[in-house]
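# fold the following for me, if possible:
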Amino acid sequence: MPVRNVVSWTTLMTGYLAKGNAKASLSLFFQMGHSGIEPNDFTFSTNLKACGILRIRETGMQIHALCVKTGFESVPVVGNSIMDMYSKCGRLDEATQMFDELPSRNLISWNTILSGYAHDGHSYRPLELFRRMQEEGEIPDNFTFVSALKACGGVAAMHEGQQIHASLMRRGFDISRQTILACALVDYYVKCRSLSEARYVFNQIEQKNVVCWTTMIAGYTQAGDAQNAMELFGQTRVVDVQVDGFILSSMIGVFADLALVEQGKQVHSCTIKVPSGLDVSVANSIVDMYLKCGLAEEAKRRFSEISEPNVISWTVMITGCGKHGYGKEVIQLFEQMQLENIDPDEVTYLAVLSACSHAGLIEESHKYFSRLCGDHRIKPKVEHYSCMVDLLGRAGKLKEAKNLINNMEVEPNVGIWQTLLGACRVHKDLELGKEVGEILLRLDDNNPVNYVMMSNLFAESGEWRECQRVRELMKQKGLKKEAGCSWVEIDKEVHYFYGGDDRHPLTEKIHNLLKEMEKRMKEETGYVYRARFSLHDVEDESKEESLRMHSEKLAIGLGLLLGGDLEEKGGVMRIFKNLRVCGDCHEFIKVLSKILKKVVFVVRDANRFHRFEKGVCSCGDYW
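Just a heads-up that it's a prediction; the model follows:
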């Protein structure tokens, strides 16, 4: 073009921005400035949007200054773009100041400030603005309602969201045809944990986009509802929705948490067939799933296939190996990731310290804790100190552990005192245990875990009156500990058991088999059940029966019952529990693995994996 004017320049900038190339738009803006052409309101608006997209506040402020000098700041399209830029750069105070100073506001002004606050989350401010705009006579549109619903979801404002939904219905809102707004409703109900309402809205949408499917599936996975999540995931294959990495990661994550390896493998096979299956986030989820399902070797193979592992990839692998008790491998991984120029973050350090603690690697723990304290990028948190307390507790250095808590730079929480109390129980330090227990009850006297830990301490030490007193106190407060649940997967079917559970159709056969195993254990090893893990004021026979009803034993009994020739040919039985495995069950499985020499028992509890083989557990009897 022999002659270019402001329209020529601005048209090209707008074209680049529409194609997602914000940098090219800004480059043209600076070139135009050097050519002597003065920008107009659309030039400013376009490049303020570019700054917001790139999150470059400094450049946006420079353009804002130019707007002030040239008098364009008061033009609505420019003022709205200034607000949008500050909002996207995380500067809501500046965005609000601009909003308040606008000489005249239109619907876009309100939508811009509402959207900024809604995306920031965890604030009732957008709901106040939503109410205020209507009081001032501005009629909201679909974009306004989307932001308002997003704000309701962010603060779990169920009542306000229902009012907005009702308002939409009065205005004749058609869920089936307005996909974006309907998806916002689904997202709001999911975040408020009202999955039945979310599913009702979801089912009404005729043209569901990938965001709708992702939101609904993620809602089920976050609630641990594997059945509905899997059903919806199956539907995406039927209706030919191109699932994204978030859906795949969410699905794999729920099966990892529930240790449902067969279902996890099915989703893994799906990742191979879709482009998003190559996302590193999906690969990380696959590695995590195999580790949490006890298949460490498979996880290592999948980790080695990741072309460019990031810090999350390494941290997932380190965490999983630590849970399995592979302390030396964890150290090798940690050193290798740094050779690959991947800097560890606070979660990586936590995983390494936890692994060293589980493996009893005292020198290495001190080494890496010192390295963490010397890393200027990261400040140690209470969880890092808790790993050191756990390590000292394992070594029996209880007073040293308490001194560390008293002198650390962060405020101790309930978790770190529980770690110390657990060590007091193991080493039967009743005096220190009482002191720590009193601290715990002062901090959180409505937490049933604290009372259970105290009663266990007294039971271990033979202080049955104190044990009973704590149990009575817990009962008076109406506190109940979380129910222990164990499960085992046999021939792709998952069987769940709770303590004292007699609902399984094979309960009688399970009990008979467990009695037979106990008889063999007594004859071959002299095994006697550990009475201190049962109630003190009942007959021995009742104690034995009570301990036999523990969920771990019921799951193992079913595994042996349906395992066919597991004892003859050998193999691995995997049991999973939502809580810490109890002392009696731990001893029982150790001895059972001794008499069933060819069978390896792998138990995942809330703390770690236990591998029982030939009478020995990988945890070293400290967990």
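# quick one: residues contacting residue 255.
Listed by C-beta atoms under 8 Å, 6 or more residues apart in numbering, the contact partners of residue 255 are 226, 261, 263, 264, 267, 289, 293. C-beta coordinates here come from the backbone N, C-alpha and C atoms, glycine included.
# what's the closest non-adjacent residue to the fifth one?
This means residue 267. Leaving aside its chain neighbours, residue 267 sits nearest to residue 251 (4.8 Å; criterion: C-beta to C-beta, 6 or more residues apart in numbering).
# likewise for the first one?
Residue nearest to residue 226 in three dimensions, not counting chain neighbours: residue 254, with 5.2 Å by C-beta to C-beta, 6+ apart.
# go on, the last one?
Leaving aside its chain neighbours, residue 293 sits nearest to residue 261 (3.9 Å; criterion: C-beta to C-beta, 6+ apart).
# that neighbour and residue 489 touch, don't they?
Yes. Look at residue 261 against residue 489 with C-beta atoms under 8 Å: they come within range, at 6.7 Å.
# and for these two, which residues touch both?
residue 574.
# what about the helices in the stretch 451-600 of the chain?
Counting by DSSP state H, counting those that start in this stretch, one finds helices in the stretch 451-600 of the chain at the ranges 464-476, 507-525, 540-548, 551-562, 566-569, 583-595.
# tell me which helix or strand of the chain sits lowest on mean pLDDT?
helix 540-548 (a mean of 55; mean pLDDT, DSSP states H and E).
# may I ask which of the contacts of residue 255 has the most neighbours?
residue 289 (31 neighbours; other C-beta atoms under 10 Å).
# which of the residues in stretch 340-359 are buried?
Across stretch 340-359, burial judged by 16 or more other C-beta atoms under 10 Å covers 342, 344-359.
# same deal with stretch 221-235?
Going by neighbour count (16+ other C-beta under 10 Å), the buried part of stretch 221-235 is 221, 222, 226, 228, 229, 230, 232, 233.
# just the ones in helices from the residues you listed, please.
221, 222, 226, 228, 229, 230, 232, 233 (DSSP state H).
# CSV for these, including distance to residue 591?
Formatted as CSV, these follow (distance: C-beta to C-beta, whole Å):
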residue, distance to residue 591
221, 38
222, 40
226, 34
228, 41
229, 39
230, 38
232, 45
233, 42
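# and the least confident of these?
Minimum pLDDT for these is recorded at residue 226 (79).
# wait, that one sits on residue 258?
Yes. Counting by C-beta under 8 Å, residue 226 touches residue 258, with 5.8 Å between them.
# I'd say residue 9 and residue 34 touch.
No. Here residue 9 lies out of contact with residue 34, judged by C-beta under 8 Å, at a distance of 11.4 Å.
# looking at those two, which is more packed in?
Each of residue 9 and residue 34 has its neighbours counted (other C-beta under 10 Å); residue 9 has more, 21 against 7.
# pull the contacting residues for residue 490.
So residue 490 contacts 558, 559, 562, 563 (C-beta under 8 Å, 6+ apart).
# what about the residue lying closest to residue 22 once chain neighbours are set aside, distance to residue 98?
Among residues not flanking residue 22 along the chain, residue 50 sits closest, at 3.8 Å (C-beta to C-beta, 6+ apart). Here residue 50 is placed at a distance of 17 Å from residue 98 (C-beta to C-beta, to the nearest Å).
# more neighbours, the two?
residue 50 (27 against 24).
# element containing the more buried one, please.
Using DSSP states H and E, residue 50 sits within helix 41-54.
# residues in contact with that helix?
6, 9-10, 13-14, 17, 22-23, 25-26, 29, 32, 57, 59-60, 63-64, 66-67, 72, 75, 77-78, 80-82, 84-85, 87-89.
# next helix or strand past that helix?
Note on helix 41-54: by DSSP H and E, the next helix or strand toward the C-terminus is helix 57-70.
# and the angle from the helix or strand following that next one to helix 41-54?
Note on helix 57-70: by DSSP H and E, the next helix or strand toward the C-terminus is helix 76-88. If you take axes from the mean of the first three to the mean of the last three C-alpha atoms, to 10 degrees, helix 76-88 sits at 10 degrees to helix 41-54.
# what's the angle from helix 76-88 to helix 57-70?
Going by the same axes, to 10 degrees, helix 76-88 makes 160 degrees with helix 57-70.
# buried residues in helix 76-88?
76-88.
# can I get these in CSV with pLDDT?
Shown next, in CSV, are the buried residues of helix 76-88 (pLDDT from 0 to 100):
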residue, pLDDT
76, 92
77, 94
78, 95
79, 94
80, 95
81, 96
82, 96
83, 95
84, 94
85, 96
86, 95
87, 93
88, 92
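# the nearest residue to residue 129 once chain neighbours are set aside: helix or strand, and which one exactly?
If the residues on either side of it in the chain are set aside, residue 129 comes closest to residue 114, at 5.5 Å by C-beta to C-beta, 6+ apart. Assigned by DSSP H and E, residue 114 belongs to helix 107-120.
# so which elements touch that helix?
On a contact count with 3 or more C-beta pairs under 8 Å, 6 or more residues apart in numbering; DSSP states H and E, helix 107-120 meets helix 76-88, helix 92-101, helix 125-135, helix 142-154.
# select, out of those helices, the one closest to residue 470.
Nearest to residue 470, of all the helices and strands packed on helix 107-120, is helix 142-154, at 40.4 Å by C-beta to C-beta.
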